[in-house]
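Novice: this one's sequence-less:
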């Protein structure tokens with residue numbers, strides 16, 4: 001399959017475009033697919049067939065109804081398209097000798113809010129997916145990545161599942177199978193992408209289990225073919241159970257491998273997946289499902305609450321395409337910190353407004369301004385006090401940077417050589433940041449790069465020749481590369497000393513805290529290097545004097 005992945009992907013993209021054009025032609029023209037109408041020998045228009053998912057059922061039609069008026073006119077062939085009702089605003093039908101007038105066709109004609117949720121949103125989602133696919137193809141061509149082609153299939157699968165879920169085209173028999181297959185396949189493509197992505201990074205991700213899951217959509221299609229043999233209640237429970245099972249398996253696998261690789265460089269990739277899934281499903285659960293279960297009323301409706309589900313495919317595209325991602329630990333830490341700071345004033349304001357309302361106290365704009373100003377002033381003052389009190393133990397930080405700097409300065413008091421300075425610096429950085437290798441270099445005034453760690457075998461650092469030239473302008477300057485960063489830590493006699501930190505994978509972007517911490521380390525290192533170099537030069541001079549046998553007066557005073 002990998003050999004023909006490009007051809008298969010191109011074919012699927014073309015088929016998806018054809019399908020989307022066909023489906024939207026049906027939806028925009030209001031063709032009620034699945035409600036077959038024929039002209040009888042008595043020149044009557046009769047509904048002879050109706051599928052289970054046809055929109056004819058939504059508007060109140062039944063099989064066997066005789067249509068004697070369409071849009072208040074006598075029925076004719078211009079109201080039929082492929083033996084289906086077409087451009088209908090109202091119907092008058094005869095059912096068991098009773099005349100019935102039907103005029104609720106907004107859902108068929110996509111009037112009002114229906115058009116937005118059933119046509120506009122799916123179309124926008126599909127076109128955004130095509131844009132993402134363009135960038136994924138571009139990156140896959142450079143990296144020669146099979147995971148990129150799996151990601152494209154996942155994007156198309158989700159977009160087609162969304163497109164086939166609503167609109168008059170739902171009445172198609174084959175459309176029901178497409179919707180069922182794509183909906184159940186989406187978590188499987190999701191896991192397959194993660195599997196291939198980690199395989200390219202040199203890690204395993206549930207190889208045998210993901211391969212086994214391929215059979216679930218095929219079995220579900222087989223069950224759908226014979227669904228009439230089951231009771232509707234049992235069949236609906238079976239479908240819901242399969243969907244729930246696939247989603248739970250995906251979530252369990254991600255958490256299991258997060259635990260498995262929690263000490264590796266790949267843990268943050270899994271944390272991004274978990275954060276994306278949480279942000280996608282949390283609004284739907286918190287604002288719709290839980291309030292509906294507890295109180296019978298929701299805070300926001302389901303369509304609005306579920307709108308963030310699009311974060312999942314777009315989050316995967318960002319993770320695949322981006323060379324440098326944001327540090328997930330930094331984001332989570334800041335979210336926890338600001339959530340705590342925002343929670344207390346929010347509860348206070350709501351409580352105060354409820355209290356004012358209970359005492360019938362009118363809050364004029366002037367009173368509201370003064371009240372909110374006092375609350376915000378207190379919040380900012382409270383934040384400053386907390387930042388000062390807990391500056392060494394702030395829970396929004398992934399690591400205790402202040403404490404790390406304090407320990408580093410204590411270690412610098414005992415160093416006696418330049419190699420010791422670099423050794424302690426590298427150890428401190430490797431313990432804190434998401435890098436696994438650190439090398440030291442000397443950059444001469446003529447831009448010649450000298451590798452100082454002779455006992456270590458480094459990577460091909462010649463790839464960063466341009467970065468070595470640009471990083472030497474000032475002490476503490478940092479230049480980020482895909483798999484790490486370069487930092488100037490000192491200078492002497494026109495030469496610059498540069499630290500190169502690398503990882504086996506593309507590292508996340510350095511956060512504000514990390515950049516500030518690294519700059520502080522570089523300044524301390526620069527001072528320590530100056531002191532150590534002066535001491536080394538003095539010792540060398542003393543050795544020379546001893547060999548010469550001279551005993552100058554200044555040496556006696558020093559001793």
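Specialist: Sure, I can see it. Because the structure is a prediction, the values reported are computed rather than measured.
Novice: rest of the way, CA atoms for contacts and neighbours
Specialist: Noted.
Novice: what helix or strand is the residue nearest the centre of the chain on?
Specialist: Within the chain, the residue whose C-alpha comes closest to the C-alpha centroid is residue 315; the distance, by CA atoms, centre = their mean, is 2.7 Å. Using DSSP states H and E, residue 315 sits within helix 311-321.
Novice: ok so, going back, from what I can see the residue nearest to the centre of the chain touches residue 276, true?
Specialist: Yes: with contacts counted by CA atoms under 8 Å, residue 315 reaches residue 276, the gap being 6.6 Å.
Novice: pull out the buried residues from the helix or strand encompassing residue 519.
Specialist: Counting by DSSP H and E, the element that carries residue 519 is helix 512-548. Buried residues in helix 512-548, counted by 16 or more other CA atoms under 10 Å: 514, 517-526, 528-529, 531-533.
Novice: same question, stretch 479-496
Specialist: Using 16+ other CA under 10 Å as the test for burial, stretch 479-496 gives 480-491, 495-496.
Novice: for residue 42, state which of those residues is nearest.
Specialist: Distance to residue 42 across those (CA to CA) is lowest for residue 482, with 76.0 Å.
Novice: now the closest one: how far from residue 69?
Specialist: Distance, residue 482 to residue 69, using CA to CA, to the nearest Å: 68 Å.
Novice: and if you look at residue 374?
Specialist: 68 Å.
Novice: higher neighbour count, these two?
Specialist: Neighbours per residue (other CA atoms under 10 Å) separate residue 374 from residue 69, with residue 69 holding more: 17 against 11.
Novice: partners of the more buried one in the sheet?
Specialist: residue 92 (DSSP bridges).
Novice: is it true that it touches residue 92?
Specialist: Yes: between residue 69 and residue 92 a contact is recorded at 4.9 Å, counting by CA under 8 Å.
Novice: show me the domain layout of this protein.
Specialist: For the chain, automatic domain parsing gives the domain ranges 31-109, 118-322, 329-389, 401-546.
Novice: going along the chain, name the helices of the stretch 51-200 of the chain.
Specialist: Under the criterion DSSP state H, counting those that start in this stretch, helices of the stretch 51-200 of the chain are mapped to 55-58, 106-109, 113-115, 121-143, 146-164, 173-200.
Novice: mean neighbour count, distance to residue 474 and mean pLDDT added to these, as JSON lines?
Specialist: Converted to JSON lines, the helices of the stretch 51-200 of the chain look like this (neighbours: other CA atoms under 10 Å; distance: least, CA to CA, whole Å; pLDDT from 0 to 100):
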{"stretch": "helix 55-58", "mean neighbour count": "20", "distance to residue 474": "70", "mean pLDDT": "70"}
{"stretch": "helix 106-109", "mean neighbour count": "21", "distance to residue 474": "66", "mean pLDDT": "64"}
{"stretch": "helix 113-115", "mean neighbour count": "15", "distance to residue 474": "59", "mean pLDDT": "62"}
{"stretch": "helix 121-143", "mean neighbour count": "16", "distance to residue 474": "34", "mean pLDDT": "80"}
{"stretch": "helix 146-164", "mean neighbour count": "24", "distance to residue 474": "40", "mean pLDDT": "83"}
{"stretch": "helix 173-200", "mean neighbour count": "20", "distance to residue 474": "37", "mean pLDDT": "80"}
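Novice: as JSON lines, these with distance to residue 410 would be great.
Specialist: Converted to JSON lines, the helices of the stretch 51-200 of the chain look like this (distance: least, CA to CA, whole Å):
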{"stretch": "helix 55-58", "distance to residue 410": "75"}
{"stretch": "helix 106-109", "distance to residue 410": "73"}
{"stretch": "helix 113-115", "distance to residue 410": "66"}
{"stretch": "helix 121-143", "distance to residue 410": "45"}
{"stretch": "helix 146-164", "distance to residue 410": "47"}
{"stretch": "helix 173-200", "distance to residue 410": "40"}
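Novice: what's the closest of those to residue 27?
Specialist: The closest of these to residue 27 is helix 106-109. By CA to CA, the value is 7.6 Å.
Novice: so what touches stretch 526-546?
Specialist: 412, 415, 416, 417, 418, 421, 475, 489, 490, 491, 492, 551 (CA atoms under 8 Å, 6 or more residues apart in numbering).
Novice: helix or strand: which one has residue 497?
Specialist: Using DSSP H and E, residue 497 falls within strand 495-502.
Novice: chain center to stretch 43-50, what's the gap?
Specialist: Offset of stretch 43-50 from its chain centre (CA atoms, centre = their mean, to the nearest Å): 50 Å.
Novice: just say helix, strand or coil for residue 510.
Specialist: Of the three states, residue 510 takes coil under DSSP: H, G, I helix; E, B strand; the rest coil.
Novice: what's the pLDDT at it?
Specialist: Model confidence at residue 510, given as pLDDT, is 80.
Novice: could you report the neighbour count for it?
Specialist: 21.
Novice: and it, backbone torsions?
Specialist: phi -70, psi 140 (degrees, to the nearest 10).
Novice: I'd like to know how far it sits from residue 489.
Specialist: 17 Å.
Novice: also residue 49?
Specialist: Distance of residue 49 to residue 489, computed by CA to CA: 79 Å.
Novice: still on that earlier bit, quick one: pLDDT of the residue nearest to the centre of the chain?
Specialist: On the pLDDT scale, residue 315 is placed at 70.
Novice: and it, how close does it get to residue 280?
Specialist: As judged by CA to CA, residue 315 and residue 280 stand 10 Å apart.
Novice: quick one on the thing from earlier: tell me which two in the contacts of stretch 526-546 are the farthest apart.
Specialist: Of all pairs in the contacts of stretch 526-546, the most separated under CA to CA is 475 and 551 at 39.1 Å.
Novice: more crowded one of these two?
Specialist: residue 475 (20 against 11).
Novice: the more buried one: what secondary structure?
Specialist: Put simply, residue 475 is coil when judged by three-state DSSP.
Novice: contacting residues around it?
Specialist: Contacts of residue 475 by CA under 8 Å, 6+ apart are 487, 488, 489, 490, 491, 522, 523, 526.
Novice: does residue 158 touch residue 187 like I think?
Specialist: No: assessed by CA under 8 Å, residue 158 is found out of contact with residue 187, at 9.4 Å.
Novice: out of the helices of the stretch 51-200 of the chain, which is closest to residue 360?
Specialist: Here helix 113-115 is closest among those (CA to CA), at 38.1 Å.
Novice: so how far is the first residue of stretch 83-91 from its last?
Specialist: 16 Å.
Novice: before we move on, the earlier item: and the helices of the stretch 51-200 of the chain: which comes nearest residue 5?
Specialist: Among the helices of the stretch 51-200 of the chain, helix 146-164 comes nearest to residue 5, with 6.7 Å by CA to CA.
Novice: between helix 121-143 and that closest one, find me the angle.
Specialist: Relative orientation of helix 146-164 versus helix 121-143 (axes from the mean of the first three to the mean of the last three CA atoms, to 10 degrees): 170 degrees.
Novice: report the angle between helix 146-164 and helix 173-200.
Specialist: Inter-element angle recorded for helix 146-164 and helix 173-200: 150 degrees (by the same axes, to 10 degrees).
Novice: now do the helices in the stretch 251-400 of the chain.
Specialist: Counting by DSSP H, counting those that start in this stretch, the stretch 251-400 of the chain has these helices, from start to end: 267-284, 290-295, 302-305, 311-321, 328-358, 365-389.
Novice: where among those is average confidence lowest?
Specialist: Looking at the helices of the stretch 251-400 of the chain, the bottom one is helix 302-305 with a mean of 59.
Novice: so what touches stretch 198-209?
Specialist: By CA under 8 Å, 6+ apart, stretch 198-209 touches 145, 194, 195, 253, 257, 505.
Novice: show me the strands in the stretch 1-150 of the chain, by range?
Specialist: For the stretch 1-150 of the chain, strands defined by DSSP state E, counting those that start in this stretch occupy the ranges 35-39, 45-50, 66-70, 80-81, 84-85, 91-95, 98-102.
Novice: so which of those is nearest residue 356?
Specialist: Closest among the strands of the stretch 1-150 of the chain, using CA to CA: strand 98-102, at 50.6 Å.
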